[in-house]
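Asks: kindly generate the corresponding structure for this input.
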Amino acid sequence: MTNIKNLQMWSSICRDARIGISKSFFGLRQTLVYMPTKSEIEAKEFDFSPEDGHRIKAIMETPREGLAKAVSGFIPKKVDIGNYMLEVCASRDGEFVAAQLFQFSQLSYIPVTEMIIYEGEDARTFKQMF
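Replies: The predicted structure follows:
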């Protein structure tokens, strides 16, 4: 599990009204909670090949009504060091997913998409890729 404070999308996710932040242990640890269901949020990072990165970008740009069809049967292969990196924050109950895709260019990861938030069935559909 990735330290949520190290994510590039940290500031974006903290501004979302659906997210609650609780601090513990003298403020050294912060926990994010999806407020509608009170479920804790976990963060992960995945690296992908250029081919899978392009497909994930296309999926993230797909309108919500076509999301299930776009994701259907696609399970990207994770690589150790990839050209694309996906940051994902997901609630443990599966009702919330925030994701942002980055591409490695000029010695750093540059955002390819905005942070996209999925809730309910869309969140469960998107999360099934991972």
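
Asks: and the residue nearest the centre of this structure?
Replies: Centroid-nearest residue in the chain, with Cα atoms, centre = their mean: Val88, separated by 2.0 Å.

Asks: roughly how far out does the helix or strand that contains that one sit from the chain middle?
Replies: Using DSSP states H and E, Val88 sits in strand 84-91. Taking the mean of its C-alpha atoms, strand 84-91 sits 3 Å from the chain's own mean (Cα atoms, centre = their mean, to the nearest Å).

Asks: can you list the strands that it pairs with?
Replies: strand 39-48 (antiparallel), strand 96-105 (antiparallel) (DSSP bridges).

Asks: in this structure, which spans are strands?
Replies: Applying DSSP state E to the chain gives strands spanning 19-24, 29-34, 39-48, 84-91, 96-105, 108-111, 116-119.

Asks: from the ones you listed, which stretch is densest packed?
Replies: Of all the strands of the chain, strand 84-91 carries the top mean neighbour count, a mean of 23, counting by mean count of other Cβ atoms under 10 Å. Just so you know, the C-beta spots here come from the backbone N, C-alpha and C atoms, and that holds for glycine as well.
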